[in-house]
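In: Quick check, what structure comes out for this input:
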Amino acid sequence: MTSTAQPPKSGARAAHPEHLGHVIFIAAAAAMGGFLFGYDSSVINGAVEAIRDRYDIGSAALAQVIAIALIGCAIGAAYAGRIADRIGRIRVMQIAAVLFMVSAVGSALPFALWDFALWRVIGGFAIGMASVIGPAYIAEVAPPAYRGRLGSFQQAAIVIGIAISQLVNWGLLNAAGGDQRGELMGLEAWQVMLGVMVVPAVLYGMLSFAIPESPRFLISVGKDERAREILAEVEGKEVDLDARVLEIEHAMKSEHKSTFKDLLGGGGFFFKPIVWVGIGLSVFQQFVGINVAFYYSSTLWQSVGVDPTDSFFYSFTTSIINIVGTVIAMIFVDRIGRRPLALIGSVGMVVGLALEAWAFSFDLVDGKLPSTQGWVALIAAHVFVLFFALSWGVVVWVFLGEMFPNKIRAAALGVAASAQWIANWAITASFPSLADWNLSATYVIYTVFAALSIPFVLKFVKETKGKTLEEMG
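Out: This is a model prediction of the structure:
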C-alpha cells in the first residue's frame, strides 16, 4: 500500500540563498536559450528581400521558406520535455546550442533554396527545444521566493534577442552600403546577418557547462547526493536538505502524468471547455499579426517607400518598444491582474492596427506613402507592438501556466502551445500573399481579431491572479 503521508517541511518556501548572484547567473545562463529563440526568430527579417531576389521566387514561395522554421519549432517543443526527462536538462540545452550553430552556418552558406529551408527547420528544432527547456529548468532550480522574477528572465531574453538581431542587421546593412546583397566579408550582407548567430550559440553552449543539472532530474535518476549539493547551492544551507529531497520525491510520485485522453470533454465539442479557452488565447495572440512586425517589418516599410537602411532602423526601434512593453507587463501582471492587462492590450492593439489599416489604404505617391499617412503608419506600428508586449505577449503565457487543473495541466499546455505554433505559421505563411493582394485589408483582418479578443476575454477567461494552482480545478 502506498503511503500518502506528507514529507516533513524543509523550510524551502522561505529560503534565501547565500549567494543570490550565483543563482541569478544560473537563471540567466539558462535564459540564453530564450535569447537565441528571439534572435533566430527575428534575424530572418534582414534577409527576406535578398532571398526573394537571389532565388527569384514569388511571395507564396518566400512565405513558405520563412515560415518553415515553425514546423521545426513545433517538433522541437513537442519532444524537448521527453528528451529532458531521459538525458537531463543540461544535455538538452547543449543539443539545442549545437543545432543553433549548425543552423547559423548552414543558413549563411546555402547551396540552394531547398537546403536553406532545411537549415531553417533545424534552427526551428533548436527554438522549440529552447522554448521548453529554459522555463522548465529555471523553475526547477530557482528558490521558491524568487521563482517568479527569475522565471521572467526567459521572456526578457526573448525580446532582447529580437532587439539585438535587428540592431546587428541594421549595422551590417550600413556596412554593406544599404544593400542586403552587398558584399561583406566575402559574402552577401544577408548571409553574414544569419551567420552571426553562431556567436551567441557558442556562448550558450559554453554557459551550459558552467551551470548545474536540475536537482529534480538528479533525484529522478537516483543521484540524491549531487541533488543535495545543488539544493544547498541554490536554496541556502539553512534548508533541511534531507526533507527537501523527500519533498521533491513525494511531489514527483504524486504527479499525474496527463495524457491527450484527459483533455476530451465528450459531447460535440471534443475538448473540455477550459482547453478551448487555452487554444483561443493562443490563437488570438498570433492572429493579431504580431509576428509580421518581427519577420517582415523591413519588407513592410520598404514596400511603402521607406529607404532600406531606415526600414532596418525602424525594425530596431520596434524591438526596443517590445522590451519596454514586456517590462511594463512584468511589473503589473501581479499587481492589476491578467484579465485587465489583456483587455487594456486588446483596446490598444485595435487602435494601432486600425490606424495602420487606414494609412496603408492610401495610394503610393512616387513609390511612397503620403507624408501624413507614412508617419501615422510608423507611430501606429509602435503603438501596436507596445500594447501587445505589455499584455498578450506576457499574459497568455502566464494564463497557460496557471489556468488548467493540475490533472490536465501538462497535456493541455502542450495542445495550447501547438495551437500557437500553428497559428504563428498561418500568419507568417499568409502575410506576403495577403500584402500583395491588399495591405490595408490585411491589417483590417488583424484589427478584427484584436477586437474579437475583447469579448472572448470578458466571456470565457477567468482571472488567475492570487490563486494557487490547486484552486484551478
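In: Any idea how many residues pack against S418?
Out: Neighbour count of S418, defined by other Cβ atoms under 10 Å: 15. C-betas here are computed from N, CA, C, even on glycine.
In: and it, what does it touch?
Out: The contact partners of S418, taken as Cβ atoms under 8 Å, 6 or more residues apart in numbering, are 74, 77-78.
In: if we go to 10 Å?
Out: 74, 77-78, 279, 282 (Cβ atoms under 10 Å, 6 or more residues apart in numbering).
In: now swap in L241 and tell me
Out: Contact analysis of L241 by Cβ under 10 Å, 6+ apart lists 10, 12, 215, 224-225, 227-229, 231-232, 235.
In: C-alpha coordinates for stretch 97-116, CSV please?
Out: Extracted as CSV, the C-alpha positions of stretch 97-116 are listed here (Å, rounded to 0.1, in the frame of the first residue of the first chain):
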residue,chain,number,x,y,z
ALA,A,97,23.1,25.0,-28.8
VAL,A,98,24.7,22.7,-31.4
LEU,A,99,21.5,22.9,-33.6
PHE,A,100,21.6,26.7,-33.4
MET,A,101,25.3,26.7,-34.5
VAL,A,102,24.6,24.2,-37.4
SER,A,103,21.5,26.3,-38.5
ALA,A,104,23.5,29.6,-38.4
VAL,A,105,26.4,28.2,-40.5
GLY,A,106,24.1,26.4,-42.9
SER,A,107,21.7,29.3,-43.4
ALA,A,108,24.7,31.6,-44.1
LEU,A,109,26.2,29.3,-46.7
PRO,A,110,23.3,27.6,-48.5
PHE,A,111,23.8,25.8,-51.8
ALA,A,112,20.3,26.3,-53.0
LEU,A,113,16.8,27.3,-51.7
TRP,A,114,16.0,23.7,-50.6
ASP,A,115,18.9,23.4,-48.2
PHE,A,116,18.4,26.9,-46.9
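In: Off-centre distance for it?
Out: Offset of stretch 97-116 from its chain centre (Cα atoms, centre = their mean, to the nearest Å): 21 Å.
In: for L187, phi and psi?
Out: phi -120, psi 170 (degrees, to the nearest 10).
In: So what pairs up with it in the strands?
Out: L184 (DSSP bridges).
In: pretty sure it contacts G195?
Out: Yes. L187 lies in contact with G195 (Cβ atoms under 10 Å); the separation is 7.5 Å.
In: tell me, what's touching these two both at once?
Out: Residues touching both L187 and G195 by Cβ under 10 Å, 6+ apart: 108-109.
In: follow-up on the earlier one: could you export the contacts of S418 as CSV, including secondary structure and neighbour count?
Out: Below are the contacts of S418 laid out as CSV (DSSP: H, G, I helix; E, B strand; the rest coil; neighbours: other Cβ atoms under 10 Å):
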residue, secondary structure, neighbour count
A74, helix, 20
A77, helix, 23
A78, helix, 16
I279, helix, 19
S282, helix, 24
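In: if we can go back for a sec, in helices, which of the contacts of L241 appear?
Out: Residues of those located in helices (DSSP state H): 215, 224-225, 227-229, 231-232, 235.
In: Report the buried members of these.
Out: Neighbour-count burial (16 or more other Cβ atoms under 10 Å) applied to the ones in helices among the contacts of L241 gives 215, 224, 227-228, 231-232, 235.
In: farthest-separated two in those residues?
Out: Spatially, the most separated pair among those is D224 and E235, at 15.2 Å (Cβ to Cβ).
In: where's A139, which helix or strand?
Out: Taking DSSP states H and E as the criterion, A139 maps to helix 113-141.
In: What of Q180?
Out: Under the criterion DSSP H and E, no helix or strand holds Q180.
In: ok, it touching A189?
Out: Yes. Judged on Cβ under 10 Å, Q180 makes contact with A189 at a distance of 5.4 Å.
In: low-confidence ranges in this structure?
Out: 1-18, 147-148, 254-260, 266-269, 406, 410, 466-473 (pLDDT under 70).
In: Show me what counts as buried in stretch 137-152.
Out: Under 16+ other Cβ under 10 Å, the buried positions of stretch 137-152 are 137-143, 145-146, 150-152.
In: Just put the residues you listed in a markdown table and tack on distance to Y55.
Out: Converted to a markdown table, the buried residues of stretch 137-152 look like this (distance: Cβ to Cβ, whole Å):
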| residue | distance to Y55 |
| --- | --- |
| Y137 | 39 |
| I138 | 40 |
| A139 | 42 |
| E140 | 44 |
| V141 | 44 |
| A142 | 45 |
| P143 | 51 |
| A145 | 53 |
| Y146 | 48 |
| L150 | 43 |
| G151 | 41 |
| S152 | 40 |
